[in-house]
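K.L.:
missing the sequence, but the structure's below:
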């Protein structure tokens, strides 16, 4: 795997945005379309802002989420709300956004609808930008989650799964390893000493189910880039 290390969060946001834009622009040039998969949370906000200003052909870029809480779009905890407000702005307002959740539907209908939207996107994804929790989860692949084994299995037939986990307040939808691990480029965005310590533990021995980020670290091979601050 490759590691890109930056001195500050601001430098990381700028460098990571340029790294992402380069790959999206190359995909558009080669295939006429590109797919970007992003994660929620507060960590990527500077990155989203910097990326939204990159001068690429955003009309040919589709954006979707690695996972989503099953909440309405206007809920403050909605990843779709975060993406619309912080990434789908400036030049990137021209991109096409495919959300996962649709709270107007029943849970079964919502899952079918999400899977259909993902199946209609350019495949494989050109860039997947992931985060990581202090417990070693990524996407909504939480330790102890009810469908974790299927979610992290690259051979699963599912593109999207419903998932519940202990101490996680909302049920969620998550992309599976079938989508994430087949991406042309995968970036793991890490900031802060605590997350770096978690990463070092994940890089060590142990069961994938204990720290599900290991499914990415062990399965993405030379397509994985770890983007981090130095401390």
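P.N.:
Great, that's in hand. All values derive from a computational prediction rather than experimental measurement.
K.L.:
So the nearest residue to residue 192 once chain neighbours are set aside versus residue 103, what's the distance?
P.N.:
Nearest in space to residue 192, with sequence neighbours left out and distances taken as Cβ to Cβ, 6 or more residues apart in numbering, is residue 229 at 7.1 Å. From N, CA and C alone the C-beta is placed, and that goes for glycine too. From residue 229 across to residue 103, the span is 35 Å (Cβ to Cβ, to the nearest Å).
K.L.:
Would you mind telling me which of the two has the busier surroundings?
P.N.:
residue 229 (19 against 14; other Cβ atoms under 10 Å).
K.L.:
and the more buried one, what does it touch?
P.N.:
Applying Cβ atoms under 8 Å, 6 or more residues apart in numbering to residue 229 gives the contacts 5, 6, 7, 8, 9, 12, 190, 191, 192.
K.L.:
Tally up the residues packed near residue 212, please.
P.N.:
28.
K.L.:
got it, and residue 230?
P.N.:
So residue 230, with other Cβ under 10 Å, has 11 neighbours.
K.L.:
For it, give me the pLDDT.
P.N.:
At residue 230, the pLDDT value in this model is 80.
K.L.:
which SSE is the closest residue to it other than its chain neighbours in?
P.N.:
Excluding the flanking residues, the one nearest residue 230 by Cβ to Cβ, 6+ apart is residue 5, at 5.3 Å. Assigned by DSSP states H and E, residue 5 falls within strand 2-6.
K.L.:
can you check residue 204 too?
P.N.:
Using DSSP H and E, residue 204 sits within no helix or strand.
K.L.:
What distance do you get for it to residue 227?
P.N.:
For residue 204, the distance to residue 227 - Cβ to Cβ - is 20 Å.
K.L.:
quick one, which of those two is more surrounded?
P.N.:
The residue with more neighbours, out of residue 204 and residue 227, is residue 227; 23 against 9, by other Cβ under 10 Å.
K.L.:
right, and that one touches residue 4 too?
P.N.:
Yes - counting by Cβ atoms under 8 Å, residue 227 does reach residue 4; the two are 4.9 Å apart.
K.L.:
Return every residue with contacts to both of those two.
P.N.:
Common contacts of residue 227 and residue 4 (Cβ under 8 Å, 6+ apart): 15, 16, 19.
K.L.:
by contact count, what packs against the helix or strand where the first one lies?
P.N.:
Spelled out, it's residue 15. Secondary structure from DSSP H and E places residue 15 in helix 9-31. Under the contact definition 3 or more Cβ pairs under 8 Å, 6 or more residues apart in numbering; DSSP states H and E, helix 9-31 sits against strand 2-6, strand 34-38, helix 45-52, strand 127-130, strand 186-190, strand 224-229.
K.L.:
Make CSV from the ones you listed and add distance to residue 78 to it.
P.N.:
As requested, the helices and strands packed on helix 9-31 are exported to CSV (distance: least, Cβ to Cβ, whole Å):
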stretch, distance to residue 78
strand 2-6, 29
strand 34-38, 14
helix 45-52, 15
strand 127-130, 18
strand 186-190, 20
strand 224-229, 25
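K.L.:
Which of the ones you listed sits closest to residue 180?
P.N.:
strand 127-130 (5.6 Å; Cβ to Cβ).
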